[in-house]
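Asks: got a sequence here, can you build the structure:
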Amino acid sequence: MLKKLFSYLIPITIFKQKSTLSQTLEVTWTDGKLILDSQNTNYSYGNLQVILRKGLKLIGFERIKSMQSILVLGVAGGSVVRTLVDEINFKGQITGVEIDKAIIEIANTYFKLDDIPNLEIIFDDASEFVLKTNKKFDLIIIDIFQDTKMPDFLFEFFFVNRICFLLNSKGHILFNTMLLNDKHRQLNVEYVKKFDPKKYSVTQFSEMEKTNELILVESKF
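Replies: Have a look, this model is predicted:
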C-alpha cells in the first residue's frame with residue numbers, strides 16, 4: 001500500500017469528519033500505522049495506546065489475562081481494547097461504553113473493532129451508565145476526553161463512589177488523565193483524596209508521554 005509506505009516520510013490523512021464532541025476526527029497513516037486523532041490530540045493507536053499499554057503493564061499482563069470482566073469507559077478507536085485482545089490475549093468479557101456513535105463507526109471501519117467477539121459496545125454517557133448498571137468488573141479503564149478536555153463528572157465524588165461500587169474484590173481502576181497545567185494537577189490531587197486509604201491503594205504515574213498522568217487504584221479487599 002503506497003499510502004502506508006509514504007507515511008514513513010509524512011503523515012497521510014485518509015479520513016476526516018467533523019465531530020460535535022471533538023471538533024474533528026481524523027484517521028491518518030503515520031509511520032506505517034493507522035491512528036485516530038481529534039483536532040488537538042491523539043485518540044487511539046498513537047501516544048494514547050502507548051500510555052495505556054504502560055498502565056496495563058503496571059498491573060501485569062498475566063494478572064489481566066486471568067480476569068473475567070473489564071469495563072472500558074471511553075472506547076474511541078478501541079486501541080486499549082486491541083491491546084487487551086491482541087497483546088494480552090484477554091478472553092473474558094470486555095464492556096465498552098462510548099457516547100459518540102460516529103467514533104465507533106470509524107473504529108469498526110478502519111480498526112475492525114466489530115470483529116472482536118468478546119467486546120460489547122454500549123452507547124451511553126459514562127456518568128449515566130455507571131448509575132444504571134449493577135455488573136461488577138475486575139478492571140475499570142477510564143479514558144474519557146473531549147479533544148483535550150476531561151468532563152467534570154470524572155472527578156466528582158458520586159462518580160468515584162459508583163466506580164468503586166462496580167469494582168470486584170482486589171480489582172483495579174486505571175484512569176488516564178491530561179496533565180497540561182496546574183489546574184489538571186490539582187484535580188488529580190483532589191481525586192486521589194477521594195479514595196479511602198484503608199480500602200484502596202492509589203499510585204500516580206506522571207509525565208506519561210509528557211502530557212498525561214495515569215492514576216492506578218487497587219482495591220485491598
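Asks: residue 164 is in contact with residue 200, correct?
Replies: Yes - at 7.4 Å, residue 200 counts as touching residue 164 under the criterion of CB atoms under 8 Å. The way it works is simple: take the backbone N, C-alpha and C, and place the C-beta from them, glycine included.
Asks: mutual contacts of those two, please.
Replies: By the contact definition CB atoms under 8 Å, 6 or more residues apart in numbering, residue 200 and residue 164 are jointly contacted by residue 219.
Asks: the closest residue to residue 91 other than its chain neighbours: what's it in contact with?
Replies: Distances taken as CB to CB, 6 or more residues apart in numbering put residue 118 closest to residue 91, at 6.4 Å, once the chain neighbours are dropped. Going by CB under 8 Å, 6+ apart, residue 118 touches 85, 90-94.
Asks: pick out the most distant pair among these.
Replies: Using CB to CB, the two most remote members of the contacts of residue 118 are 85 and 93, lying 11.7 Å apart.
Asks: neighbour count: the two, which is higher?
Replies: The residue with more neighbours, out of residue 85 and residue 93 and counting by other CB atoms under 10 Å, is residue 85; that gives 19 against 16.
Asks: and the helices in this structure?
Replies: Assigned by DSSP state H, the chain shows helices spanning 2-6, 47-59, 61-65, 79-82, 101-111, 126-132, 157-165, 182-193.
Asks: now the last one against helix 157-165, angle please.
Replies: Angle, helix 182-193 to helix 157-165, by axes from the mean of the first three to the mean of the last three CA atoms, to 10 degrees: 50 degrees.
Asks: and helix 182-193, average pLDDT?
Replies: The average pLDDT for helix 182-193 rounds to 95.
Asks: roughly how far is it from the heart of the chain?
Replies: Centroid separation for helix 182-193 versus its chain: 19 Å, with CA atoms, centre = their mean, to the nearest Å.
Asks: just the residues contacting that helix, thanks.
Replies: By CB under 8 Å, 6+ apart, the list of residues contacting helix 182-193 reads 150, 155, 160, 175, 177-179, 202, 204, 213, 215.
Asks: with just CA atoms, put that helix into PDB.
Replies: The C-alpha coordinates for helix 182-193 follow below in PDB (Å, rounded to 0.1, in the frame of the first residue of the first chain):
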ATOM      1  CA  ASP A 182      -1.600  23.400  37.300                       C
ATOM      2  CA  LYS A 183      -5.400  23.000  37.300                       C
ATOM      3  CA  HIS A 184      -5.100  19.500  36.000                       C
ATOM      4  CA  ARG A 185      -2.500  18.700  38.700                       C
ATOM      5  CA  GLN A 186      -4.800  20.000  41.400                       C
ATOM      6  CA  LEU A 187      -7.700  18.000  40.000                       C
ATOM      7  CA  ASN A 188      -5.700  14.800  40.300                       C
ATOM      8  CA  VAL A 189      -4.500  15.600  43.800                       C
ATOM      9  CA  GLU A 190      -8.100  16.100  44.900                       C
ATOM     10  CA  TYR A 191      -9.200  13.000  43.000                       C
ATOM     11  CA  VAL A 192      -6.700  10.800  44.900                       C
ATOM     12  CA  LYS A 193      -8.000  12.100  48.200                       C
END
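Asks: cheers, nothing more for now.
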